[in-house]
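**Student:** Dropping a prediction and its sequence here:
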Amino acid sequence: MKVEDLFELRQGNGFELMHIEASESSDINFVSRTAQNNGVAAKVDKVDNAEPFPAGSITVALGGSVLSSFVQLKSFYTAFHIMVLVPKKEMSLQEKLYYCMCIKTNAYRYSYGRQANKTLRDIELPDIVPNWAYSITVGPIKTLVNAKIIPTLKIENWREFKVGDLFNIINGIKYPADWREKGDLPLVSTSASNNGISDYITTRPEKYKNILTVAYSGSVGITFFHKNDVFVGETVFALIPKFDNNVYIAMFLCTIFNFHNKKYGYGRKIIGSRYIFDTIKLPAKGNTPNWTYMENYIKCLPYSDRISH
């Protein structure tokens with residue numbers, strides 16, 4: 001079956017957030033093309049003469065983080081290049097979440113700035129939802145971390161450090177889809193979703209773990225942490241830490257890298273020979289990064305107890 005067989009495809013609103021009144025007390029979300037926070041960029045007031053899309057619809061990004069797909073649990077408006085999928089027959093939340101996953105797995109087809117647009121309707125989906133999909137649990141996530149004790153960041157006291165002083169930078173390897181055999185080793189591409197993983201291949205000697213990956217084309221600058229073995233594909237850097245890395249430090253660093261990735265937008269690629277001289281600001285202890293502070297800061301955040309070690 002194809003997407004158009006299961007869903008009605010409706011163009012999003014194409015609104016600009018700057019022209020809509022934001023309101024934290026509103027029950028209407030504004031959905032953009034981001035792969036974060038279920039695609040929601042803000043809460044907004046009702047727009048005159050424009051009814052929001054109903055809760056329970058699926059949003060799919062046609063550009064930006066292409067094919068990022070989410071079930072919207074509240075009514076919403078959308079930014080440009082968002083398609084709204086409304087089921088043609090009644091579906092459970094678990095079924096919708098399953099189809100979101102299926103749509104996202106096709107994101108690798110839309111690298112290098114290519115948008116989904118008319119091709120979304122022809123994406124093939126499984127005819128039958130597997131039994132395991134119905135066991136997906138959806139509910140509030142609880143945390144045991146007391147958010148009231150988060151330390152102050154004091155960014156004005158941070159120091160600049162060169163990327164090349166913190167990491168060994170290794171180029172990914174070209175490995176086209178028609179060369180691959182299916183397996184259990186994740187392949188990291190330039191995708192901004194699914195932690196950058198776009199395929200699973202048979203094992204190869206070129207694999208790394210406990211690293212950061214940075215896309216230098218496609219979703220330029222997007223950075224992820226990989227605790228377990230991954231194969232790093234074309235147009236992606238593997239950042240091999242020169243320090244004693246762990247998941248908490250990595251989460252802190254990914255946030256910093258992703259905050260700075262906007263400087264690589266609009267088609268500008270990252271050049272490896274220059275990237276080693278790029279700088280990021282970090283908490284410091286003397287002339288070295290304060291890794292202990294970064295680790296403890298993440299541990300103080302709500303839901304940090306949900307991070308897999």
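**Tutor:** Yep, it's here. Numbers count the residues shown, from 1 in each chain.
**Student:** Distance-wise, check the residue lying closest to Ile149 once chain neighbours are set aside relative to Leu153.
**Tutor:** Closest residue to Ile149 apart from its sequence neighbours, by C-beta to C-beta, 6 or more residues apart in numbering: Cys300 at 5.8 Å. The C-beta positions use only the backbone N, C-alpha and C, and glycine is treated the same way. Per C-beta to C-beta, to the nearest Å, Cys300 is found 11 Å from Leu153.
**Student:** for Trp132, same thing?
**Tutor:** Separation of Trp132 from Leu153 (C-beta to C-beta): 41 Å.
**Student:** picking that back up, more neighbours: which of Cys300 and Leu153?
**Tutor:** Neighbours were tallied for Cys300 and for Leu153 using other C-beta atoms under 10 Å; the higher tally belongs to Cys300 (15 against 11).
**Student:** Model confidence for the residue nearest the centre of the chain, exactly?
**Tutor:** Nearest to the mean C-alpha position of the chain, by C-alpha atoms, centre = their mean, lies Ser193 at 3.8 Å. Listed pLDDT for Ser193 reads 76.
**Student:** check contacts around it.
**Tutor:** 35, 65, 67-68, 104, 107 (C-beta atoms under 8 Å, 6 or more residues apart in numbering).
**Student:** Specify the beta-bridge partners of the residue lying closest to Met83 once chain neighbours are set aside.
**Tutor:** In this structure, Met83 finds its nearest non-sequential neighbour in Val60, 4.7 Å apart by C-beta to C-beta, 6+ apart. Beta-bridge pairing of Val60 under DSSP bridges involves Ser69, Met83.
**Student:** Next, count neighbours for Val60.
**Tutor:** 26.
**Student:** buried sites along stretch 99-107?
**Tutor:** Buried residues in stretch 99-107, counted by 16 or more other C-beta atoms under 10 Å: 99-100, 102-107.
**Student:** care to break this protein down by domain?
**Tutor:** Domain assignment for the chain by automatic domain parsing gives 3-135, 147-306.
**Student:** what's the closest of the ones you listed to Ile141?
**Tutor:** domain 147-306 (6.4 Å; C-beta to C-beta).
**Student:** buried ones in the helix or strand of the chain with the lowest mean pLDDT?
**Tutor:** Least confident helix or strand, the chain: helix 272-275 with a mean of 76, by mean pLDDT, DSSP states H and E. The neighbour-count check on helix 272-275 (16+ other C-beta under 10 Å) flags Tyr275 as buried.
**Student:** which other helices and strands contact it?
**Tutor:** strand 167-171 (3 or more C-beta pairs under 8 Å, 6 or more residues apart in numbering; DSSP states H and E).
**Student:** Quickly note the distance from Pro140 to Glu24.
**Tutor:** Taking C-beta to C-beta, one finds Pro140 at 19 Å from Glu24.
**Student:** hmm, I was thinking of Ala107
**Tutor:** 31 Å.
**Student:** can you check Cys254 too?
**Tutor:** Taking C-beta to C-beta, one finds Cys254 at 27 Å from Glu24.
**Student:** Which one's more surrounded, these two?
**Tutor:** The residue with more neighbours, out of Cys254 and Glu24 and counting by other C-beta under 10 Å, is Cys254; that gives 17 against 7.
**Student:** which stretches of the stretch 151-300 of the chain form helices?
**Tutor:** Ranges of helices within the stretch 151-300 of the chain are 163-166, 247-260, 272-275, 291-300, based on DSSP state H, counting those that start in this stretch.
**Student:** picking that back up, now do the contacts for the residue nearest to Ile149.
**Tutor:** Shown in contact with Cys300 (C-beta under 8 Å, 6+ apart): 145, 147, 149-151.
**Student:** now swap in Leu282 and tell me
**Tutor:** Contacts of Leu282 (C-beta under 8 Å, 6+ apart): 158-159, 161, 253, 256, 289-290, 294.
**Student:** again, 6 Å this time
**Tutor:** With contacts defined as C-beta atoms under 6 Å, 6 or more residues apart in numbering, the neighbours of Leu282 are 158, 161, 289.
**Student:** What segments of the stretch 151-300 of the chain are strands?
**Tutor:** 159-162, 167-171, 182-188, 197-201, 211-215, 223-226, 231-232, 236-241, 279-282, 284-285, 288-289 (DSSP state E, counting those that start in this stretch).
**Student:** what does the model give Gly218 for pLDDT?
**Tutor:** 76.
**Student:** what does Tyr264 give?
**Tutor:** pLDDT, Tyr264: 65.
**Student:** how about low-confidence regions in the stretch 1-150 of the chain?
**Tutor:** Scanning the stretch 1-150 of the chain for pLDDT under 70 picks out the ranges 111-114, 147.
**Student:** At which residues are the strands of it located?
**Tutor:** For the stretch 1-150 of the chain, the strands defined by DSSP E, counting those that start in this stretch cover 7-11, 28-31, 40-44, 58-61, 69-71, 76-78, 82-87.
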